[in-house]
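A.B. asks: Here's my sequence, what's the structure:
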Amino acid sequence: MHHLAAALHTLGIRLRHRASTRPERGSVTMEQVLWAVAVIAIVGIVVLAITSYVTREAAKIT
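C.D. replies: Numbers count the residues shown, from 1 in each chain. Coordinates of the predicted model:
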């Protein structure tokens with residue numbers, strides 16, 4: 001019985017320690033997602049600008 005109580009006590013201490021040592025674990029991931037969205041938006045704007053420029057210049061040729 002003492003062995004079971006000691007095992008449960010140790011498990012509780014480990015879980016409490018693990019929960020308290022990583023409070024900002026998702027922050028880096030969220031920052032990376034925001035940067036990825038920003039880069040995709042910028043690339044989309046650049047592609048749109050180049051496409052419209054090429055289309056206008058092609059219209060002048062014909």
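A.B. asks: What's the local residue count around residue 60?
C.D. replies: 6 (other Cβ atoms under 10 Å). In this view, the C-beta of every residue, glycine as well, is placed from N, C-alpha and C.
A.B. asks: name the element it belongs to?
C.D. replies: helix 27-61 (DSSP states H and E).
A.B. asks: Could you check how sure the model is about that helix, as an average pLDDT?
C.D. replies: Mean pLDDT, computed over helix 27-61, is 91.
A.B. asks: from the chain's centre, how far out does it sit?
C.D. replies: In terms of Cα atoms, centre = their mean, to the nearest Å, the centre of helix 27-61 is set 20 Å apart from its chain centre.
A.B. asks: With stretch 1-19 instead?
C.D. replies: Computed by Cα atoms, centre = their mean, the chain-centroid distance of stretch 1-19 equals 33 Å.
A.B. asks: Flag every buried residue along the helix holding residue 60.
C.D. replies: Residues of helix 27-61 classed as buried by neighbour count (16 or more other Cβ atoms under 10 Å): none.
A.B. asks: ok, now which ones touch residue 50?
C.D. replies: By Cβ atoms under 8 Å, 6 or more residues apart in numbering, no residues touch residue 50.
A.B. asks: From residue 6, how far off is it?
C.D. replies: Counting by Cβ to Cβ, to the nearest Å, the gap from residue 50 to residue 6 is 68 Å.
A.B. asks: Then residue 33?
C.D. replies: Counting by Cβ to Cβ, the gap from residue 33 to residue 6 is 43 Å.
A.B. asks: Kindly report the same for residue 44.
C.D. replies: Counting by Cβ to Cβ - residue 44 and residue 6 are separated by 59 Å.
A.B. asks: Nothing else from me, thank you.
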